[in-house]
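> Below are the sequence and a predicted model for it; my questions follow.
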Amino acid sequence: MISEEYSKNQIKNDTIQNIILENRRKLSISGVLDVLSFDDQIVILETDLGMLTIKGEDLRINKLSIDTTEVVIEGEINNLSYSEKQDKKTSGSLLGKIFK
């Protein structure tokens, strides 16, 4: 269930994100800010609405356009899950944290 506070933040930002899943084989996502990690079993994206994790098998990124904020992933898609957006100050690479 989406909390009321999260809904208010979403409305304030006027963020629209589209996720289109075709036959569990092709996933089109808009509103992608960055690809944080990917391999053939997991793709982690930073989106306007939080971190999006895609799990499956034989995953590959077929289209990546940072200009249009669109990503297309193909493969056998088993799971999509959002997590809260991390604060830029607390997140970052391990080396970045070490050399602060």
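Great, that's in hand. Keep in mind that what you see is a predicted model, and the values were worked out from it rather than measured.

> before we move on, which element is residue 74 in?
Assigned by DSSP states H and E, residue 74 belongs to strand 70-83.

> likewise residue 40?
Residue 40 belongs to no helix or strand, assigned by DSSP H and E.

> buried sites along the longest strand seen in the chain?
Scanning the chain for the longest strand, with DSSP state E as the assignment, gives strand 50-65. Buried positions in strand 50-65, judged by neighbour count with 16 or more other C-beta atoms under 10 Å: 51, 52, 54, 56, 59. The way it works is simple: take the backbone N, C-alpha and C, and place the C-beta from them, glycine included.

> Within its sheet, name the partner strands of it and how each one runs.
strand 42-47 (antiparallel), strand 70-83 (antiparallel) (DSSP bridges).

> Give me the contact list for it.
Contact with strand 50-65 is made by 27, 29, 35-36, 38-46, 70-86, as judged by C-beta atoms under 8 Å, 6 or more residues apart in numbering.

> What residues of the strand holding residue 74 count as buried?
71, 73, 74, 75, 77.
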